[in-house]
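Asks: what follows is a predicted structure for the sequence shown.
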Amino acid sequence: MIINPAANCISLLRIFLAIMMLFVKPLSGPFFIIFLACQITDVLDGYVARKTHTVSKLGDNLDSIGDFIMILVLIIVLYPVIKLTIRIIIWVFVIAMIKITSTAVVFIKYRTFEMLHTYGNKFTGFILFAFIISLAFVQSNMIMYIVCTIASISAIEELLINLFSSELQINRKSIFIK
């Protein structure tokens, strides 16, 4: 398989853009422009790699690193701005622990670091995107409860797939669809 420098450069651009969000005012115009660029590059890197038949382990890892950095930056930047209840903070921590456990299971079973590309994970990403865009208009704990519920279901599904699969299936669609 040929490594696609274009797709990997798009992934690296997303990592750079995510880090740039640390240096702009949260929920400002520049913040949302950078955030939208990050989301576009997140979709575009995989699309380019698939269309050019150059999907690679490096590209997959860059995408996962980009996802991790993006979430970490968003937590750092938005935590002081969003009024989170203790219940939501604990819930986000539990989701993070489930994701870390899932990653540890993959490493123990397959000696690699991977995150699954399930429909649940993709839907969680979309809901998180919509939530952050909604912050420009309204701040609601109800929206956070919805995001956390969807993220919890997705994280548990990924953990169960990793626990009970006999082989690593990074492109498995769901626990019900292989």
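Replies: All right, it came through fine.
Asks: just give me the neighbour total for S152.
Replies: 17 (other Cβ atoms under 10 Å). In short, each C-beta sits where N, CA and C put it, glycine included.
Asks: kindly report the same for the one 4 residues further on.
Replies: A total of 15 residues lie near I156 under the criterion other Cβ under 10 Å.
Asks: cool, and A6?
Replies: By other Cβ under 10 Å, the residues close to A6 number 13.
Asks: which one is it nearest to, not counting chain neighbours?
Replies: Distances taken as Cβ to Cβ, 6 or more residues apart in numbering place V48 nearest to A6, at 5.6 Å, with adjacent residues excluded.
Asks: what do you get for L135?
Replies: Once flanking residues are discounted, L135 sits nearest to L27: 5.7 Å by Cβ to Cβ, 6+ apart.
Asks: quick check on that neighbour: phi, psi?
Replies: The phi/psi pair for L27 (degrees, to the nearest 10) reads phi 60, psi 20.
Asks: ok, it to L36 distance?
Replies: Relative to L36, L27 is positioned 13 Å away (Cβ to Cβ, to the nearest Å).
Asks: next one: V24
Replies: 13 Å.
Asks: ok, now which ones touch the closest residue to V81 other than its chain neighbours?
Replies: Once flanking residues are discounted, V81 sits nearest to P26: 4.7 Å by Cβ to Cβ, 6+ apart. Counting by Cβ atoms under 8 Å, 6 or more residues apart in numbering, P26 touches 77-78, 80-81.
Asks: hang on, F123 packs against A151?
Replies: No: between F123 and A151 there is no contact under Cβ atoms under 8 Å: 9.5 Å.
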